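[1] sequence first, then the predicted structure:
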Amino acid sequence: MKSMLAPTEAMGIYQMLYAFMEASGKYMGEPGTHPWSQGFPLTTQLPGGPKLPETISVKSSDLTYPKAWGHLSLRESIANYYNHFYKSNLAPENVMIFAGGRAALFAAVFLLAKDVRVVIEETEYTPYYDLLRILNRDPVIVPSNEKNNFLPSAQDYAACAPKTPHFRIRSNPCNPTGQVLRGEKLKEYVQACSQPGVGALLDEAYEFFVDPEPVSALQYIENIDETNIFVAGAATKGLQAPGIRLGWIVASRENVEILGNYSTFVMGGVSRVSQIYGEELLQTARVTQAREAVASFYTKQRNRYGAALQEMGLQLFSGEGGFYHWCKLPGSLKADEYNERLFKREAAILPGRLCDMHRRGSSSPLQEFFRFSFGPLKADSFEEDVKILKSALC
């Protein structure tokens, strides 16, 4: 019987996972495979980092229905986290809890007023395209390519910004490029997005993964209640706990109230068990240690993989954030062909065409680019990784 559901493709990263499984008969991430196409961190203790909690205490009252907007104690923990590290001025009412970062992103875009135009950079996080497509949003695309080193300027945005109300979406650090808006550039971006008729969603999933220290737009937002800026975070990357599916949005009280109302009929709240675990991760002493350890470990990984990739003839356009390298293949070699070679070696990368917000397929200028993830890689896998990458180039 034909399905009554509208056909929907898997997002780009999962397309690679399925292609790899078909070619190898294995699921990417199994022992012996090399998950360079995937964006997850190590879920083990990092050098100098805190241990991951192995147990939590759950009471009978924790098994009741969760609050639609998240439990107060976790919202307080998140607000206190930003207030402590970024000198922001948040209250728990500025925080809304979601079942992972993507659920938060979906809610914010789903609830956008119909007359608000979405503005997004040309090279961005793969699911953004699927999200905008399924919600029938026709975005304005800001050039993000070799010409501007995949880091659009304020002038690039000004040249594209519609005169009607608009809402910018950006990952910072950027996935897939690792380019980071920070310092005066981030302050300028925040100020532009704080004006009447302008809003923004800043996806800060990779907040901890910046050399030399974490970055957040909340450092530059004077009064979030006077803006339409949404800052998304999650336990997925820096807190090393993707499996608990815990994310959040920081926004004005009015916008959080709207998101909470949305939760009453869509989500019904988020697992209280996940929220309790999240509170453990966000204890000030622990998260201070985690921020330092994550930045240190992944900066070392970024540097040594970057040197090796360049040595084998790849051109890098990587920034100083995230746990990716944004690479351009030599000659006329395309990323899909390179991936086919890697599949035979039980490895995979993410082809750049899947990060093209125009989705130009075989005509995409990102055909020769790929995203290499060193997020899940242990320090002792380096030599084998480089050997495989190099052999597939020949």
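    Good, I have the coordinates. Numbers count the residues shown, from 1 in each chain.
[2] doesn't R170 fall inside a strand?
    Yes. R170 forms part of a strand when assessed by DSSP: H, G, I helix; E, B strand; the rest coil.
[3] what's around it, how many residues?
    Taking other CB atoms under 10 Å as the neighbour definition, R170 ends up with a count of 24. Just so you know, the C-beta spots here come from the backbone N, C-alpha and C atoms, and that holds for glycine as well.
[4] do the same with G29
    By other CB under 10 Å, neighbour count at G29 equals 14.
[5] mind listing what it touches?
    G29 is in contact with P35, Q38, P376, counting by CB atoms under 8 Å, 6 or more residues apart in numbering.
[6] what about 10 Å?
    By CB atoms under 10 Å, 6 or more residues apart in numbering, G29 lies in contact with L17, F20, P35, S37, Q38, F40, P376.
[7] for the fourth one, what are its contacts?
    Read that as S37. Contacts of S37 by CB under 10 Å, 6+ apart are 12-17, 19-20, 28-29, 339, 342, 347-351, 354, 370-373.
[8] quick one on the thing from earlier: now intersect the contacts of G29 with the strands, please.
    P35 (DSSP state E).
[9] let me know the closest of the contacts of G29 to D62.
    F40 (26.9 Å; CB to CB).
[10] pretty sure that closest one is touching Y206, no?
    No. F40 lies out of contact with Y206 (CB atoms under 10 Å); the separation is 11.9 Å.
[11] joint contacts of the two?
    T236, K237, F323, G375.
[12] circling back: out of the contacts of G29, flag the one nearest to P143.
    Using CB to CB, the contacts of G29 come closest to P143 at S37, 25.6 Å.
[13] which pLDDT value goes with the closest one?
    Confidence at S37, expressed as pLDDT, is 94.
[14] residues contacting V198?
    V116, V119, A161, P165, H166, F167, R168, Q191, A192, T227, N228, I229.
[15] can you flag which of these belong to strands?
    V119, H166, F167, R168, I229.
[16] let me know the closest of the residues you listed to A6.
    F167 (25.1 Å).
[17] checking the closest residue to the closest one other than its chain neighbours next. Helix, strand or coil?
    Nearest residue to F167 in three dimensions, chain neighbours excluded: G199, at 4.4 Å (CB to CB, 6 or more residues apart in numbering). Taken by three-state DSSP, the conformation at G199 corresponds to strand.
[18] ok, G199 - how many residues close by?
    25.
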